[in-house]
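**Student:** My questions are about this predicted structure, shown below with the sequence.
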Amino acid sequence: MKLFTPFLIKCCLLITTLYFVLDLFFSQTTVLIIINLLTISFLFINYYQAIHFNNWLDKSKINELPNGLGIWEMIFSKIYKQNQVQAKIQNDLNLTLEQFTSAAEAMLDGVIAVNKNDEVIWCNRQAEAMLKINLKKSYKRPIGYTFRNTEFNDYLLRGDYSETLKVYDFSNKKNLEFKISPFRSNMKLIICKDITQIITNENLRKEFVSNFSHELKTPLTVIIGFLETLDSTKNNLDEGTKKIFELMNDQAIRMRKLIDDLLLLSNVESNPMEDRSLKISSNKFFNKLQKEAKLINNKNHKINFDIDQNIIFIGSEKELESAFINLISNAIRYTKEKGQINIKWSLVLGRPTFEIKDNGIGIPKNHIKRITERFFRVDAARSRDTGGTGLGLSIVKNIIEQHDGLLKISSEIGKGSKFIITLPKERLV
């Protein structure tokens, strides 16, 4: 419209000027005839240009753009320039897309892009190989139909992608790890990693630790027996020799405890057949824990129990007892003489929740994320002095994961620590 308005004004001015000029030399009738002929010629030329333009639109080939006259030359020139700009933008986009595709194809992980309806719109060759899918056949089909796995579908629909998902794909006999990252508006990028070899190596390591621990336990028991015999009061040993035997005995007992923890951790990790569906009475369960807590309370701590004894829950009593007593033992061990420990068992938002809080020495914030790793110690010397093996919290974490629960840790140096275990609602009776 901006282009045509000044053009029409110019045409009107030209016709008006031409009319008055011709009127000086010709009669009014002749002037009108001339003006009409010129108008008809003008309309014919524009109609001819419009026909050529319409024919070009059917083909839209820039190299066949017709030559224009007057205003049409300006129009065709603008079309040509815009086409050149669009062509450059398209080339840049194609180059960027080609670079992205090349980068995605070079990745060892599978990459899948899905739209807001979770339909596949693109994937790389690694994803096709891992999930046994075909992009041409799977295009615009829901990923749940293409890769059939209940755990993956639940993870996709849940909407919380802060954690990765590990599944075993029975059809392909592979262990896979998925991570979903939302992008743009309601689109998702699914990263798939084949962790079969990692899992295999991890299982081999666990098997080795378990077998190695079993092999050590028998000779160590014999050694401890002989040391206790030699250390007995029936033997006439001097004080220096007795101290040597006491030290040897203490270290042998510490090693036995370490082996017992390794075996327990190995059993928890590699024993899917453990019955974790037994009914547990809170009354009986926590009465036993209170008695054990009194036995190991060697620092005169004030231990307060706040127990909802009406809760009946499902799990492995042996494993959960080990997890809870581990946390109680840690609180006693790392809280100074005559400290305070509060233990609470209740329903929080309908979920069975165990909470233990102490006013002990606390854990540095930068160590909290790693505190549940095997053999991780905030202070190795202090852990040895208190009799710790560095496996307690790792055992707790694995037991809770086997019960589909969560372990949360918060702490502040000099003020104490708080451990919260939350079991799912499904474990309530």
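**Tutor:** That came through fine.

**Student:** what's the neighbour count on the closest residue to S316 other than its chain neighbours?
**Tutor:** Among residues not flanking S316 along the chain, R276 sits closest, at 4.5 Å (C-beta to C-beta, 6 or more residues apart in numbering). (Glycine included, C-beta is placed from N, CA and C.) R276 has 18 neighbouring residues, counting by other C-beta atoms under 10 Å.

**Student:** average model confidence for the helix or strand where V85 lies?
**Tutor:** Element membership of V85 [criterion: DSSP states H and E] is helix 71-106. Average pLDDT, helix 71-106: 71.

**Student:** Tell me which helix or strand the nearest residue to S417 once chain neighbours are set aside sits in.
**Tutor:** Leaving aside its sequence neighbours, S417 sits nearest to S411 (C-beta to C-beta, 6+ apart; 3.9 Å). Take DSSP H and E as the rule and S411 turns out to sit in strand 406-412.

**Student:** what comes up buried for that strand?
**Tutor:** Using 16 or more other C-beta atoms under 10 Å as the test for burial, strand 406-412 gives L407, I409, S411.

**Student:** From those, pick the one nearest R333.
**Tutor:** Nearest to R333 among the buried residues of strand 406-412 is S411, at 14.5 Å by C-beta to C-beta.

**Student:** in the stretch 251-400 of the chain, what spans have low per-residue confidence?
**Tutor:** Counting by pLDDT under 70, the ranges of the stretch 251-400 of the chain that qualify are 270-274, 378-388.

**Student:** what do you get for the stretch 101-250 of the chain?
**Tutor:** In the stretch 101-250 of the chain (pLDDT under 70), the answer is 101-104, 106, 231-237.

**Student:** Which parts of it are helices?
**Tutor:** Taking DSSP state H, counting those that start in this stretch as the criterion, the stretch 101-250 of the chain contains helices spanning 125-131, 135-138, 143-146, 150-158, 196-230, 239-269.

**Student:** Can you give me the neighbour number for N134?
**Tutor:** N134: 11 surrounding residues under other C-beta under 10 Å.

**Student:** Which residue, other than its chain neighbours, is closest to it?
**Tutor:** Excluding the flanking residues, the one nearest N134 by C-beta to C-beta, 6+ apart is E128, at 6.4 Å.

**Student:** so what's that neighbour up against?
**Tutor:** When contacts are counted by C-beta atoms under 8 Å, 6 or more residues apart in numbering, E128 is found next to G110, N134, L135.

**Student:** Just the closest of those residues to N330, please.
**Tutor:** G110 (41.1 Å).

**Student:** before we move on, back to that, now do the SS call for the residue nearest to S316.
**Tutor:** Judged by DSSP: H, G, I helix; E, B strand; the rest coil, the three-state class of R276 is coil.

**Student:** phi, psi of it?
**Tutor:** phi -110, psi 30 (degrees, to the nearest 10).

**Student:** ok, it - contacts?
**Tutor:** Per C-beta under 8 Å, 6+ apart, neighbours of R276: I314, G315, S316, E319, Q402, H403.

**Student:** Show me which of those are buried.
**Tutor:** Buried members of the contacts of R276, scored by 16+ other C-beta under 10 Å, are I314, G315, S316, E319, Q402, H403.

**Student:** Can you list which of the residues you listed are found in helices?
**Tutor:** If you go by DSSP state H, the buried ones among the contacts of R276 have E319, Q402 in helices.

**Student:** any idea which of the buried ones among the contacts of R276 is the one closest to D261?
**Tutor:** Taking C-beta to C-beta as the measure, D261 lies nearest E319 of the buried ones among the contacts of R276, at 13.6 Å.

**Student:** That closest one and N398 touch, don't they?
**Tutor:** No. With contact defined as C-beta atoms under 8 Å, E319 does not reach N398; the gap is 9.0 Å.

**Student:** Now for these two: what residues contact both?
**Tutor:** V268.

**Student:** Does the residue nearest to S417 touch K365 like I think?
**Tutor:** Yes. If you go by C-beta under 8 Å, S411 and K365 touch, sitting 7.4 Å apart.

**Student:** returning to that earlier point: what packs against the strand holding S411?
**Tutor:** On a contact count with 3 or more C-beta pairs under 8 Å, 6 or more residues apart in numbering; DSSP states H and E, strand 406-412 meets helix 365-368, helix 392-402, strand 416-422.

**Student:** For the shortest one, C-alpha coordinates in PDB please.
**Tutor:** This file holds the C-alpha atoms of helix 365-368, laid out as PDB (Å, rounded to 0.1, in the frame of the first residue of the first chain):
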ATOM      1  CA  LYS A 365      27.800 -28.700  53.300                       C
ATOM      2  CA  ASN A 366      30.300 -29.600  50.500                       C
ATOM      3  CA  HIS A 367      30.500 -33.200  51.800                       C
ATOM      4  CA  ILE A 368      26.800 -33.900  52.200                       C
END
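
**Student:** Can you tell me the centre-most residue of this structure?
**Tutor:** Among the residues of the chain, the one closest to the centroid is E163, at 3.1 Å (C-alpha atoms, centre = their mean).
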